[in-house]
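> Compute the structure for the input listed below.
(one chain, ligands or ions: 2)
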Amino acid sequence: MSDEQDAIRVAVLGARGRMGAEVCKAVDAATDMKLVAAVDQGDALADLADAGAQVVVDFTTPDVVMDNLRWCVDQGIHTVVGTTGFTEQRLEQVRGWLADKPGVGVVIAPNFGIGAVLMMQFAARAARYFESVEIIEQHHPGKLDAPSGTATHTARLIAAARAEADLGPVPDATKDEVAGARGADIDGVRVHAVRATGLVAHQEVLFGTTGETLTIRHDSYDRVSFMPGVLLAVRAVPTRPGLTVALDPLL
Ligand SMILES: NC(=O)c1ccc[n+]([C@@H]2O[C@H](COP(=O)([O-])OP(=O)(O)OC[C@H]3O[C@@H](n4cnc5c(N)ncnc54)[C@H](O)[C@@H]3O)[C@@H](O)[C@H]2O)c1
Ligand SMILES: O=C(O)C1=N[C@H](C(=O)O)CCC1
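Residues are numbered from 1 along each chain as shown. Ligands and ions are numbered 1, 2, ... in the order given. Down below sits the predicted model:
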């Protein structure tokens with residue numbers, strides 16, 4: 001329990017969205033944080049600075065997140081980003097902005113669910129032992145992007161582990177007779193995106209080798225599952241200058 005004056009002053013961008021609304025509730029309930037601004041489309045970013053925000057949490061959309069983040073870094077405000085769409089090129093751009101603001105911290109994580117982080121770690125660990133691998137991500141139909149940030153991140157981790165183990169390409173003799181039938185190719189790993197009402201956020205990583213398969217699966221049934229990770233990042237980001245990608249270094 002901290003005094004009001006010691007509380008971390010947090011602002012939320014995308015505050016009326018599915019995730020933003022949940023983050024506002026979680027910050028409100030945290031005794032060591034104070035929600036000082038809840039900003040959504042149409043509101044001025046300047047509201048964040050006027051409210052004296054120390055940490056901004058961004059859950060908006062891939063097409064606006066870079067402008068938001070640039071503004072926050074320029075203002076010297078630490079930022080926790082859950083919004084997806086971060087390519088290696090985008091991450092490099094963020095590192096460039098931060099080079100001019102040495103005290104500022106940014107955490108960008110494709111998934112704040114602790115179980116999801118472990119699922120990715122387990123998948124990376126298993127990758128070297130299986131010649132075949134496919135990722136099946138499943139989300140609610142309101143999701144704007146595909147494949148998910150989590151699936152893209154997982155595919156990159158698996159591809160790196162395969163390269164290190166000299167595994168070569170995944171065996172696949174199939175001719176794609178209908179475009180997309182074999183899913184997207186991310187660094188040589190096939191990724192399939194499912195959208196259905198009733199789902200929240202789910203992922204399976206299916207590995208195969210001679211005579212056996214291994215399935216690693218994670219399910220978020222409720223957006224509350226992301227909140228411990230978000231709060232962990234809010235607490236950590238002021239003492240982590242520069243860019244932190246994914247939640248693993250904070251666990
Ligand atoms: N990292 C994670 O753990 C995690 C978990 C869930 C969702 N996500 C990602 O978070 C993002 C948001 O997901 P969602 O389901 O909450 O989406 P959503 O569509 O429900 O919410 C997005 C909100 O952002 C607002 N917005 C759009 N442009 C804005 C702007 N310029 N300034 C301020 N607000 C703006 C929208 O009005 C909306 O309220 C997506 O990229 C999603 O993939 C990440
Ligand atoms: O609901 C979403 O949208 C989610 N997006 C993230 C992703 O793209 O990986 C994390 C899971 C939920």
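> any chance you could map the strands in the stretch 51-200 of the chain?
Shown for the stretch 51-200 of the chain, the strands assigned by DSSP state E, counting those that start in this stretch span residues 55-58, 78-81, 105-108, 132-139, 184-186, 189-195.
> From the contact counts, what lies against the fourth one?
Okay, so that is strand 132-139. Packed against strand 132-139 by the contact rule (3 or more Cβ pairs under 8 Å, 6 or more residues apart in numbering; DSSP states H and E) you find helix 149-164, strand 189-195, strand 201-209. For glycine as for every other residue, the C-beta is placed from the backbone atoms N, C-alpha and C.
> So which bits of stretch 65-85 are buried?
65-66, 68-69, 71-73, 75, 77-85 (16 or more other Cβ atoms under 10 Å).
> most centrally placed residue in the protein?
In the chain, the centroid-proximal residue (Cα atoms, centre = their mean) is residue 110; its distance is 1.3 Å.
> Need the outlier residue of the chain, farthest from its centre.
The chain, farthest from centre, Cα atoms, centre = their mean: residue 211 at 34.1 Å.
> Pull the residues that contact the helix or strand bottoming out on mean pLDDT in the chain.
The helix or strand with the lowest mean pLDDT-type score in the chain, counting by mean pLDDT, DSSP states H and E, is helix 46-50 (a mean of 92). With contact meaning Cβ atoms under 8 Å, 6 or more residues apart in numbering, helix 46-50 is reached by 11, 13, 37, 39, 56, 72, 75, 77.
> what does stretch 200-219 give?
In this structure, residues lying in contact with stretch 200-219 by Cβ under 8 Å, 6+ apart are 111, 113, 115-116, 118-119, 122-123, 126-127, 129-140, 148, 150-151, 154, 158, 220-223.
> hang on, the earlier thing: against ligand 1, how distant is the residue farthest from the centre of the chain?
According to Cβ to the nearest ligand atom, to the nearest Å, residue 211 and ligand 1 sit 36 Å apart.
> try residue 209
Distance of residue 209 to ligand 1, computed by Cβ to the nearest ligand atom: 31 Å.
> what's the burial count for that residue?
12 (other Cβ atoms under 10 Å).
> Same question for the one 5 residues further on.
Around residue 214 there are 15 other residues, counting by other Cβ under 10 Å.
> What parts of the stretch 51-200 of the chain come near ligand 2?
84, 110-111, 139, 143, 148-150 (Cβ under 6 Å from any ligand atom).
> circling back to that earlier point, can you pull the buried residues of the least confident helix or strand of the chain?
48-49.
> Excluding chain neighbours, give the residue nearest to the residue in the chain that ligand 1 sits nearest to in space.
Using Cβ to the nearest ligand atom, the closest approach of the chain to ligand 1 is made by residue 17 at 2.0 Å. Sequence neighbours aside, residue 59 is the residue nearest to residue 17 in space, at 5.9 Å (criterion: Cβ to Cβ, 6 or more residues apart in numbering).
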